[in-house]
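Engineer: I'd like to go over a predicted model; first the sequence, then the structure.
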Amino acid sequence: MDSINKLTEIFKEFPGVGPRQAKRFVYYLLSRNNGYLDSLSKLMIGLKRDVSVCSSCFRYSISTGAANKCSICLDRGRDAGFLMVVSRDVDLETIEKSRSYNGYYFVLGGTVPILEKEPDKWIRAKELAAAAAKRAAAGLKEIIIATNLNPEGENTADHVAKLLSPVVKRYNIKISGLGRGLSTGTELEYIDSETMKNALKNRA
Ligand SMILES: [Zn+2]
């Protein structure tokens, strides 16, 4: 296989990219100069080195060195009474952009497919239980489960609620989800800040 086809195959594996789009990416790269391609490949090579997973919320972040925690987890100005559980990093970014939430996060790293017999292997189940227990002992009042409003997202939310029920009962923590104002099928990634603000305000 030649370079054009090899690279097309790679781009095809990217989320949301079809074969035609993949090929357009390759021709776009061919149209750029060597300097551009050099810095692009350097960035890709360095990505895993410069970015690490936060040891507390598990989001990807630029390595801070401080106990391997991200800037949000290191921010003492945040409200330790709240923990928001999201599926992916992009969901966290959408919520941060809306500036309507000032608690901490936990990134599941995936969703649980419907009728899955081993739901725990799709998300950071053990890590979430541990994080919730740790935060519960430190004054956690509410856990907001913010997954997509599609069947897989709701299945994930149900499983997360079940997973957290021992610690929720023990410490009398409230569990909530994003509220009215969001229609069925909504993916958090595409919600505008105003809608997100309302969904958080109306959480139930
Ligand atoms: Zn973090």
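Structural biologist: On my side now, so go ahead.
Engineer: what comes up buried for stretch 72-79?
Structural biologist: Of the residues in stretch 72-79, Ile72, Cys73 count as buried by neighbour count, 16 or more other Cβ atoms under 10 Å. Where you see a C-beta, it was placed from the backbone N, CA and C, and this is true even at glycine.
Engineer: Could you pull up the mean pLDDT of the helix or strand hosting Ala133?
Structural biologist: Using DSSP states H and E, Ala133 sits within helix 125-136. Per-residue pLDDT over helix 125-136 has a mean of 96.
Engineer: mind saving the C-alpha coords of it as CSV?
Structural biologist: Listed in CSV are the C-alpha atoms of helix 125-136, where the atom choice follows Å, rounded to 0.1, in the frame of the first residue of the first chain:
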residue,chain,number,x,y,z
ALA,A,125,-15.6,1.7,37.8
LYS,A,126,-13.2,0.8,40.6
GLU,A,127,-11.5,4.2,40.3
LEU,A,128,-14.9,6.0,40.5
ALA,A,129,-15.9,4.1,43.6
ALA,A,130,-12.6,4.9,45.3
ALA,A,131,-12.8,8.6,44.3
ALA,A,132,-16.3,8.9,45.6
ALA,A,133,-15.5,7.3,48.9
LYS,A,134,-12.5,9.5,49.3
ARG,A,135,-14.5,12.7,48.5
ALA,A,136,-17.4,11.5,50.6
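Engineer: how much distance is there from that helix to the middle of the chain?
Structural biologist: Distance of helix 125-136 from the chain centroid (Cα atoms, centre = their mean, to the nearest Å) equals 16 Å.
Engineer: got the contact list for stretch 192-204?
Structural biologist: The contact list for stretch 192-204, computed with Cβ atoms under 8 Å, 6 or more residues apart in numbering, reads 94-95, 97-101, 144, 176-182, 188, 191.
Engineer: Show me this structure divided up by domain.
Structural biologist: Following automatic domain parsing, one gets these domains for the chain: 3-50, 76-201.
Engineer: Check whether the longest one comes near the ion.
Structural biologist: In this case it means domain 76-201. No. Residues of domain 76-201 contacting the ion under Cβ under 5 Å from the ion: none, with a closest distance of 6.8 Å.
Engineer: Quick check: phi and psi on Val107?
Structural biologist: Val107 has phi and psi values of phi -100, psi 120 when expressed as degrees, to the nearest 10.
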